[in-house]
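Undergrad: I need the structure of the sequence given here:
(2 chains)
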Amino acid sequence: MRRTHRCGSLRAAQVGETVCVMGWVHSRRDHGGVIFLDIRDRTGLVQVVGDPQRGGAAAHQAAEGVRAEYVVAAVGEVVHRGEGLGNPRIATGEIEIVAREITVLNTALHPPFEIDQEEINLEQRMRYRYIDLRRPVMQANLELRHKAAMAARQYLSSQDFLEIETPLLLKATPEGARDFLVPCRLVPGTYYVLPQSPQLMKQTLMAAGCDRYFQLARCLRDEDLRADRQPEHTQIDLEMSFVEQDDVLTTVEGLMQAVFAVAGIAVAAPFPRLSYGEAMERYGSDKPDTRFGMELIDLSATVASVEFRVFADALASGGQVKGLCVPAKGQLSRKDLDDLIAFSKQFGAKGMAWIAVDAEGLRSSILKFIPEDVQRALVAKMGAQPGDMLLFVADRPKVVADVLGRLRLRLGHQLGLVDKSRHNFLWVIDFPLFEKNAESGAIEPMHHPFSMPRAADIPLLESDPLAVTAQLYDLVVNGAELCSGSIRCHIPDLQLKILEVIGIDRAEALERFGFLLEVFSYGAPPHGGVGLGFDRIVAILSGQEASEVDIREVIAFPKTSTGRDLMLGCPSVIDPQQLKEVGILKTVDPAAE
RNA sequence: GGAGCCGUAGUUCAGUCGGUUAGAACGCUGGCCUGUCAAGCCAGAGGUCGCGGGUUCGAGUCCCGUCGGCUCCGCCA
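TA: Residues are numbered from 1 along each chain as shown, chains lettered A, B, ... in the order given. Below is the predicted model of the structure:
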């Protein structure tokens, strides 16, 4: 007995044929005289009928004995269902298989949850992931992921990229996230680390003359998790030689068009480009969601003369006053406003002021501190209409941007201003290479210190490092960051100079980054690239809202928020003998902790 | 490292102010049933209320601890 068709593939065209399908018993409906089985495989459902008159007593009897999730083979003739008996809700609903023979290939325990159940406890799903993955929605996610990966490979291959694997066992570097460690048995007491990304290796490939590289690379970081963050995730990692920033952006735009096409989403290119400064000014975020307006409005000049302490103090200490004009249609209650104030404080604001714009005039407890002409100026500057709610934050620019940016996003969703059918791609470019640490006053890299400054800014490295713009770029869609990349600094002397700005002298640089500097000193081409968050891309392709992406839905075997695999039961304690073998002498006993 | 929410039948949940024998739906088991596709009807089984301790005459309910899941802050390219 061999399978002739996939369950979901049968159509009226096969009527009259004797077929054999194999799959899981999705449901059984026993009418006594006749029994209906829905058989499910990856491709869908097909109805199999156990009818003693038409298919024989044996098949009917076999159908009686099967239970949910039994694995069965059904042989029989494909027939048209009778008039009015079709099921338009499934693709195979026009036909059914009259079973002549039903064989149980394997029995099954009662599943811990029902396959077609809507809400299933996440813990149960993770514990029994192999059952969870049988659900059509999860099958669809896995298929989508596969297609997206194929589209990416095909596109990049067509653009002359080579897929090259890089090692999983690497040398620890002090930069970035915490590494996962792997003890080396052959040299006791020494360790490899798992890659946070193939960054170093791909730049080395550029120096090696590979010209264009890509990889669907697993990246591992030992940091705390979130719904959109797993200890291991996948990047579409790519790097290109002899290119400028625009070449990389254009390539990624083409890649996004190819990948989003697999979900039938047309993406217009080129994508809008926004400087980091403008993004922070207008949206208070370096990954703005441009699906709605409600931009931040700078009111520092408008309220410059006002004696209201909160505003005046902020301005006097070099801060700013900015606001949002929220088209609330009078919907924000006092409680809502209190919640927003608490929300603002959570992100570092000392408070949040508000003015309600009613048909009768303005309403707020701060009006008594604001002269009427300034009130009018505020309304004009913010374009306020009756029903709007004006929100104000006064603080350091970074706090103002962060708090108002978050308020804007929260209210945009809360008030339904976001057009969820859109996919607003945009590039955020022109990031400063450095920023000043607010507490220590030290100059630090904003992203990382390995990107190339804009050519014209190189002299500023010594005179005014904070004014140096890097050739760094982030790809954003609907407020979610999809990738980050840069044109790399491939000139050793320039790299040393950049490191010097952040307080790393030549000796320390050689010690910490000597490998990269060595690679570059043997003739590295100018190069640049990106790493794209593949899990996040697939999540958005699958229809998830960008502001609440859950990548666990598009990963076959994800970890919980404490990094556990509930199906395998790991991490787990290792046998002392095995520890000794790799040179680990002492460990914490989790039971004794 | 910090904060919050959740944990009751196989599953999803309800359980009032601390008070008799902890309920519903779905699922499951058995019976009936020849056109269902969320099949239907009848009957039945199914519970250490995550775990440990405390308060109380009495705890699913209150308190403390602990384990697990989730969310957020910190962290993270």
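Undergrad: so where does residue A:375 fall, helix or strand?
TA: Secondary structure assigned from DSSP states H and E places residue A:375 in helix A:372-382.
Undergrad: Correction: the previous question concerned residue A:356.
TA: Element membership of residue A:356, judged by DSSP H and E, is strand A:353-357.
Undergrad: Pull out the buried residues from that strand.
TA: Across strand A:353-357, burial judged by 16 or more other CB atoms under 10 Å covers A:353-357. Every C-beta, even on glycine, is put in place using the N, C-alpha and C of the backbone.
Undergrad: do stretch A:117-132 as well
TA: So stretch A:117-132, judged by 16+ other CB under 10 Å, has buried residues A:120, A:125-126, A:128-129, A:131-132.
Undergrad: Stretch A:234-244: how far from the chain's middle?
TA: Relative to the mean C-alpha coordinate of its chain, stretch A:234-244 is positioned 19 Å out (CA atoms, centre = their mean, to the nearest Å).
Undergrad: How about stretch A:80-97?
TA: What separates the centre of stretch A:80-97 from the centre of its chain is 40 Å, taken as CA atoms, centre = their mean.
Undergrad: re the thing from before, nearest to residue A:113, of the buried residues of strand A:353-357?
TA: Residue A:113 has its nearest neighbour among the buried residues of strand A:353-357 in residue A:354, at 46.2 Å by CB to CB.
Undergrad: beta partners for the closest one?
TA: residue A:391 (DSSP bridges).
Undergrad: Return the residues in contact with the closest residue to RNA strand B within the stretch 301-450 of chain A.
TA: Nearest residue of the stretch 301-450 of chain A to RNA strand B (CB to the nearest atom of the strand) works out as residue A:447 at 3.3 Å. Contact partners of residue A:447, counting by CB atoms under 8 Å, 6 or more residues apart in numbering, are A:431, A:470, A:472, A:484, A:486.
Undergrad: switch the cut-off to 10 Å
TA: A:286, A:431-435, A:470, A:472, A:474, A:484-486 (CB atoms under 10 Å, 6 or more residues apart in numbering).
Undergrad: Out of these, which end up buried?
TA: Counted by 16+ other CB under 10 Å, the contacts of residue A:447 give A:286, A:431-434, A:470, A:472, A:474, A:484-486 as buried.
Undergrad: Next step: these restricted to strands.
TA: Among these, the residues falling in strands (DSSP state E) are A:434, A:472, A:474, A:484-486.
Undergrad: filter these down to the ones near RNA strand B?
TA: Among those, proximity to RNA strand B is found for residue A:484 (CB under 7 Å from any atom of the strand).
Undergrad: Now distance to residue A:293 too, for the ones in strands among the buried ones among the contacts of residue A:447, in TSV please.
TA: What follows is these, written out as TSV (distance: CB to CB, whole Å):
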residue	distance to residue A:293
A:434	32
A:472	27
A:474	21
A:484	26
A:485	28
A:486	30
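Undergrad: Distance check, residue A:276 against residue A:297.
TA: 19 Å (CB to CB, to the nearest Å).
Undergrad: right, and residue A:407 touches residue A:328 too?
TA: No - assessed by CB atoms under 10 Å, residue A:407 is found out of contact with residue A:328, at 12.0 Å.
Undergrad: Give the residues shared as contacts by these two.
TA: Between them, residue A:407 and residue A:328 share the contacting residues A:391, A:414, judged by CB under 10 Å, 6+ apart.
Undergrad: ok, these two, which is more surrounded?
TA: residue A:407 (25 against 20; other CB atoms under 10 Å).
Undergrad: mind checking which helix or strand the more buried one is in?
TA: helix A:397-414.
Undergrad: Run the chain-centre distance for whichever helix or strand comes after that helix.
TA: Per DSSP H and E, the first helix or strand lying C-terminal to helix A:397-414 is strand A:425-429. Taking CA atoms, centre = their mean, one finds the center of strand A:425-429 at 16 Å from the center of the full chain.
Undergrad: List the buried residues of strand A:425-429.
TA: Using 16+ other CB under 10 Å as the test for burial, strand A:425-429 gives A:425-429.
Undergrad: Same question for stretch A:389-398.
TA: In stretch A:389-398, counting by 16+ other CB under 10 Å, buried: A:389-397.
Undergrad: what's the answer for stretch A:532-549, then?
TA: A:532-542, A:544, A:546-547, A:549.
Undergrad: cool, and stretch A:143-155?
TA: Applying 16+ other CB under 10 Å to stretch A:143-155 flags A:144-145, A:147-149, A:151-153, A:155 as buried.
Undergrad: Pipe these into TSV and attach secondary structure, distance to RNA strand B and pLDDT per row.
TA: Shown next, in TSV, are the buried residues of stretch A:143-155 (DSSP: H, G, I helix; E, B strand; the rest coil; distance: CB to the nearest atom of the strand, whole Å; pLDDT from 0 to 100):
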residue	secondary structure	distance to RNA strand B	pLDDT
A:144	helix	20	97
A:145	helix	19	97
A:147	helix	25	98
A:148	helix	21	98
A:149	helix	20	98
A:151	helix	24	98
A:152	helix	19	98
A:153	helix	22	98
A:155	helix	23	98
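Undergrad: Walking through the stretch 251-400 of chain A, point out its helices one by one.
TA: Listed in chain order, the helices of the stretch 251-400 of chain A (DSSP state H, counting those that start in this stretch) span A:276-283, A:309-316, A:334-346, A:372-382, A:397-414.
Undergrad: cool, and the stretch 51-200 of chain A?
TA: Under DSSP H, counting those that start in this stretch, the stretch 51-200 of chain A gives helices at A:57-65, A:122-127, A:129-132, A:136-158, A:199-207.
Undergrad: Check the offset of the second one from the chain's centre.
TA: In other words, helix A:122-127. The answer for helix A:122-127 is 21 Å, by CA atoms, centre = their mean.
Undergrad: elements contacting that helix?
TA: Using 3 or more CB pairs under 10 Å, 6 or more residues apart in numbering; DSSP states H and E as the contact criterion, the elements in contact with helix A:122-127 are helix A:129-132.
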